[in-house]
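A.B. asks: predicted model, plus sequence, below.
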Amino acid sequence: MFADDGIEADPLRRRLRRLTRGERREEALAFVDQFHRENDLDPAAADRRKREVGRDLARLGFYEHTPEELAFGARVAWRHSARCIGRLFWKSLEVIDRRSVADPDAVAACVVDHLRDVSAGGRIPSAISIFAPVRGGALPPYIENAQVVQFAGYVEEAGKVRGDPLNAEFTRMASSLGWRPPAVRGDFDVLPLVIREAGGAKRLYPLPEDAYRIVDIRHPEAPALDRLGLRWYSVPIISDMILTIGGIDYPCAPFNGHYMATEIASRDLTDVTRYDVLPRAAAALGFSERDPLWKDRTLTELNAAVLWSFLRAGASIVDHHTASAQCIDFFQAELANGRDVSGDWSWITPPQASSACPVFHLPMKDQGDVPNYYRSRATDGAHLRLSRRNEERSRLRARLDRLTRRVRRWRRARFHG
């Protein structure tokens, strides 16, 4: 029934969306139509391309995107990403086609090149490096890290973690593969890149120190905060998400934007399950915990410190109010183009001064449109589907579409859970 039935041993295979051959064909042909329609291309060319794609799918079970289709699909996937607040600039995404790179050593070298290019200083470009797709039963190498740069978490006595608790398991795994942390372990030790080969073996690649930038977090008016030794890397490169375009999945497609300050100051450094520095930062800033608003005041000053530090270092960053205004502009632009907009309120709304941000008051729904990015079919990939809301459809055809979706949901729940 499903195109990949019987091949579930690899952990990546268990994360991939399960599409029937009919569903894969439907997504592929709809994507070809979308590509030609949104780029004002010849309808006759679309028909020829659909015949070609259909033949490849029938014969091989997959097809190859043209470079233009690949770039368009990656940008539209960003446009559809319901959890991203920064989609106003989706058309400017720089797409680096690395599909011919299949050797893990070469993949690692390309990822380092990507990291080095976007960490060089000045304006940080939004970029994605797209490596080989899944071709039927053949799986390509892919990155195990959630982000290319991430800090180690060392489990010490009584279960206490030094560094980032989020990465404690990854740190253990990297150590089992031969990674050796610094002689003196710190709170911000950069972990190596881990790539899983097509055959399942994992390879370890320490990141060159000149490939990334670490920003020391300082406060412009409170030098006592400096003594906490807080730091963060300048560019987030997400590396554990699967890019899906027209029924074809790209499990190795690391991409980056730039940080919004609250991601670091209001979450990474202060969540109790992460670095949990809020009490120490409050003490350094002179805020008493007897003040019922001590957390609010401390978070505001930490955001000010992160913004000031990144700007001083010449690294792109945005505050949550500016990002929220840009998100509103994105929604309005999409609606003006006749397109429904996906949004996940719990992700889009900043954790700091939420109700003072315009997105707080914006109704949102995650439409689950494809192309898109996802981590696993068991979580965010579960509701991704082909939508024809923005196409002209007869009432009968729309009803048939809804019925088809219901049957497919039932079939997945019945046969595959």
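C.D. replies: Thanks, I have it. Numbering: from 1, shown residues only.

A.B. asks: after the helix or strand hosting T171, next one along is what?
C.D. replies: Using DSSP states H and E, T171 sits within helix 168-176. Downstream of helix 168-176, the next assigned helix or strand under DSSP H and E is strand 193-196.

A.B. asks: what strands line up against that following strand, and which way round?
C.D. replies: strand 142-143 (antiparallel), strand 202-205 (antiparallel) (DSSP bridges).

A.B. asks: who wins for proximity to D366 among those?
C.D. replies: strand 142-143 (24.7 Å; CB to CB). (Each C-beta comes from the backbone N, C-alpha and C, glycine too.)

A.B. asks: ok, then the element right after the closest one?
C.D. replies: Next in sequence after strand 142-143, counting helices and strands by DSSP H and E, comes strand 153-155.

A.B. asks: need the residues that contact the helix or strand following that next one.
C.D. replies: Next helix or strand after strand 153-155 toward the C-terminus (DSSP H and E): strand 161-163. Strand 161-163 has contacts (CB atoms under 8 Å, 6 or more residues apart in numbering) with 151-156, 168, 171, 185-189.

A.B. asks: and those residues, which of them are buried?
C.D. replies: Among the contacts of strand 161-163, the ones that count as buried by 16 or more other CB atoms under 10 Å are F151, A152, G153, Y154, A168, T171, D187, F188, D189.

A.B. asks: wait, the third one sits on K160?
C.D. replies: No - with contact defined as CB atoms under 8 Å, G153 does not count as touching K160 (10.5 Å).

A.B. asks: and the helix holding T171, how far from the chain's centre?
C.D. replies: Distance, stretch centre to chain centre, for helix 168-176: 22 Å (CA atoms, centre = their mean, to the nearest Å).

A.B. asks: buried sites along that helix?
C.D. replies: Neighbour-count burial for helix 168-176 [16+ other CB under 10 Å]: A168, F170, T171, M173, A174.

A.B. asks: again with stretch 291-308
C.D. replies: Buried residues in stretch 291-308 (16+ other CB under 10 Å): 294-295, 298-308.

A.B. asks: turn those residues into a markdown table, columns for distance to L57, pLDDT and secondary structure.
C.D. replies: A markdown table is the format used below for the buried residues of stretch 291-308 (distance: CB to CB, whole Å; pLDDT from 0 to 100; DSSP: H, G, I helix; E, B strand; the rest coil):
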| residue | distance to L57 | pLDDT | secondary structure |
| --- | --- | --- | --- |
| W294 | 60 | 98 | helix |
| K295 | 54 | 98 | helix |
| T298 | 56 | 98 | helix |
| L299 | 51 | 98 | helix |
| T300 | 54 | 98 | helix |
| E301 | 56 | 98 | helix |
| L302 | 51 | 98 | helix |
| N303 | 49 | 98 | helix |
| A304 | 54 | 98 | helix |
| A305 | 53 | 98 | helix |
| V306 | 48 | 98 | helix |
| L307 | 49 | 98 | helix |
| W308 | 53 | 98 | helix |
